[in-house]
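Asker: Just to be clear, the model below is a prediction. Sequence and coordinates:
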Amino acid sequence: MIKAFVDGEKVTLQFDGGEMTFSEEELIAIFNKRRKDKKADKTKIARKPTEGKYFNVNPASIDRRIFQEQRKNPKQEITRKTILKAFSRVDEDQERYGRPFRILRPERTWTVKTVIELKRFAEENGNHMADWVEQALEWAQRIANGETWKRICNEPDDAQWYRLVLWENNKPTIVGGAKGIHDNSPAADVVNHECDYNGLLIYVIPSIVSYQ
């Protein structure tokens with residue numbers, strides 16, 4: 001059994017065989033380290049996008065030859081063209097898009113947030129909310145890693161919730177499916193309308209970009 005005794009700004013723990021005394025500063029340091037370690041455990045690197053874990057994207061290492069041949073499937077062809085447009089943006093702006101980054105699908109711990117709140121959440125927990133280029137590069141990286149076109153473009157998304165990204169002209173747009181509400185849309189599905197910045201969104205998380 002462990003017993004704790006507080007004496008002013010110090011806490012003494014007594015246990016079988018001895019005791020240990022901690023200052024307030026030491027206890028705060030222990031708590032912060034434990035919280036940081038716990039957060040790190042939740043954000044380990046994943047081989048494919050997974051809630052609560054980072055997914056690595058390296059634009060320079062993606063084999064672009066995979067995306068040169070036209071796809072017969074319409075959905076796959078739309079995604080291929082989007083990826084090619086993203087590669088063009090990478091070439092035009094290497095400083096912004098050429099470096100490696102990580103994408104995080106955060107675990108949803110809220111019910112409803114506005115677009116502004118989701119964007120702010122992304123900035124507080126990473127660098128920013130993903131835009132359409134970074135989202136397309138995520139799809140390209142997944143295919144380059146070995147996931148099939150069919151898995152990305154045609155089969156039900158395995159994500160729990162929809163993701164919010166900034167599409168062209170900074171239009172907030174929802175992508176993917178949400179198995180948490182039995183929506184079987186594929187991962188590369190893009191909702192064809194702009195979300196209002198002050199509008200309330202449910203079942204949606206931001207796609208968060210962090211630079212390595």
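Answerer: Nice, thanks for sending it over. Remember, it's a predicted structure, so these values are computed and weren't measured experimentally. Numbers count the residues shown, from 1 in each chain.

Asker: Dump the strand or helix carrying residue 80 to PDB, keeping only the CA atoms.
Answerer: Element membership of residue 80 [criterion: DSSP states H and E] is helix 74-92. Taking Å, rounded to 0.1, in the frame of the first residue of the first chain, the C-alpha atoms of helix 74-92 are listed here in PDB:
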ATOM      1  CA  PRO A  74     -14.400   6.800 -63.900                       C
ATOM      2  CA  LYS A  75     -13.800   7.300 -60.200                       C
ATOM      3  CA  GLN A  76     -10.200   6.200 -60.400                       C
ATOM      4  CA  GLU A  77      -9.600   8.500 -63.400                       C
ATOM      5  CA  ILE A  78     -11.000  11.500 -61.500                       C
ATOM      6  CA  THR A  79      -8.700  10.700 -58.600                       C
ATOM      7  CA  ARG A  80      -5.700  10.200 -61.000                       C
ATOM      8  CA  LYS A  81      -6.300  13.600 -62.600                       C
ATOM      9  CA  THR A  82      -6.500  15.300 -59.200                       C
ATOM     10  CA  ILE A  83      -3.200  13.700 -58.100                       C
ATOM     11  CA  LEU A  84      -1.600  14.800 -61.300                       C
ATOM     12  CA  LYS A  85      -2.800  18.400 -60.700                       C
ATOM     13  CA  ALA A  86      -1.300  18.100 -57.200                       C
ATOM     14  CA  PHE A  87       2.000  17.000 -58.600                       C
ATOM     15  CA  SER A  88       2.000  20.100 -60.800                       C
ATOM     16  CA  ARG A  89       1.500  22.300 -57.700                       C
ATOM     17  CA  VAL A  90       4.300  20.500 -56.000                       C
ATOM     18  CA  ASP A  91       6.600  21.300 -58.900                       C
ATOM     19  CA  GLU A  92       5.400  25.000 -58.900                       C
END
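
Asker: Tell me which other helices or strands it touches.
Answerer: helix 94-97, helix 132-144, helix 149-153 (3 or more CB pairs under 8 Å, 6 or more residues apart in numbering; DSSP states H and E). C-betas here are computed from N, CA, C, even on glycine.

Asker: So which of those helices is the most surrounded?
Answerer: helix 132-144 (a mean of 23; mean count of other CB atoms under 10 Å).

Asker: and the angle from that one to helix 74-92?
Answerer: 120 degrees (axes from the mean of the first three to the mean of the last three CA atoms, to 10 degrees).

Asker: what's helix 132-144 in contact with?
Answerer: Here helix 132-144 makes contact (CB atoms under 8 Å, 6 or more residues apart in numbering) with 48-49, 55-59, 61-63, 66-67, 79, 82-83, 85-87, 89-90, 97, 101, 103, 130, 149, 152, 163, 165-168, 173, 175, 187-188, 207, 209.

Asker: Find the nearest non-adjacent residue to residue 197, please.
Answerer: residue 115 (4.6 Å; CB to CB, 6 or more residues apart in numbering).

Asker: what separates that neighbour from residue 122, distance-wise?
Answerer: Distance of residue 115 to residue 122, computed by CB to CB, to the nearest Å: 11 Å.

Asker: cool, residue 201 as well?
Answerer: Distance, residue 201 to residue 122, using CB to CB: 13 Å.

Asker: so where's the protein shaky on pLDDT?
Answerer: Along the chain, the parts satisfying pLDDT under 70 run over 1-6, 8-9, 13-18, 22, 24, 26-46.

Asker: end-to-end on stretch 117-133?
Answerer: Counting by CA to CA, to the nearest Å, you get 22 Å between the two ends of stretch 117-133.
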